[in-house]
Structure formats: structure tokens, C-alpha cells
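Undergrad: need a 3D model of the sequence below.
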Amino acid sequence: MHLTAPATGQAEAKPRRDADGMAVASFILGLLGLLVLNLFLGPVAIVLAGVSLWRGTHRRGRAYLGMALGAADLVVLFVTMQSTGTVSWSL
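TA: A predicted model of the protein is given here:
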């Protein structure tokens, strides 16, 4: 019986592609969170960006932008909460 090891290129390609997808998703969710659901989408964008950076994404710029936009979501929410006295806000 002959056992062969899996190709190393395939083993590395899938986690890297997943990390790239998470970086793009964090960017999109952070951008969307500036308009709606920033209490939910901001932290999700920050977590996705952190995980994608930890997994070694090639799209580091998108991951950092997603993290910054996620933080901006929370800042916008905090500022609008302080100015209106409510948790929700509208354009």
C-alpha cells in the first residue's frame, strides 16, 4: 500500500483565499455599517479584519480599512447617541 501526502499548495491556498474573502467582507460591512446597523456591523467588521490579518491575507489594506471603518461605525454611533440621546439614528 502506497500512501501519498496531499499537495502543500492546495492546503495553503484555501485558508489564504478565506482570509482574503474575510478582508473584503470586513471592508464592505464596515462601509455599510456607516449607514445602517452600526452597533452590529462595526464589531463584526473589526473581528473579520482581525481574523483575516491573523490568517495572513494578501489584502492587508482592505483588512485595515475594514478595521478602521468598523471603529468609525462605533464612533459614529457614540457621537449620534450623545447628540440625540437615543440609540437609533437616521439620515
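Undergrad: alpha carbons only for contacts and neighbour counts from here, please
TA: OK.
Undergrad: how about low-confidence regions in the protein?
TA: Counting by pLDDT under 70, the chain shows low-confidence ranges at 1-16, 87-91.
Undergrad: helices along this structure, start to end?
TA: 8-33, 38-54, 60-84 (DSSP state H).
Undergrad: turn the ones you listed into CSV, including mean neighbour count.
TA: What follows is the helices of the chain, written out as CSV (neighbours: other CA atoms under 10 Å):
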stretch, mean neighbour count
helix 8-33, 19
helix 38-54, 22
helix 60-84, 19
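Undergrad: chain center to stretch 31-45: distance?
TA: 10 Å (CA atoms, centre = their mean, to the nearest Å).
Undergrad: count the residues that sit near R59.
TA: 18 (other CA atoms under 10 Å).
Undergrad: D18 is in contact with that one, correct?
TA: No - when contacts are counted by CA atoms under 8 Å, R59 is not listed as touching D18 (11.1 Å).
Undergrad: who touches stretch 33-40?
TA: With contact meaning CA atoms under 8 Å, 6 or more residues apart in numbering, stretch 33-40 is reached by 41-42, 69-70, 72-74, 76-77.
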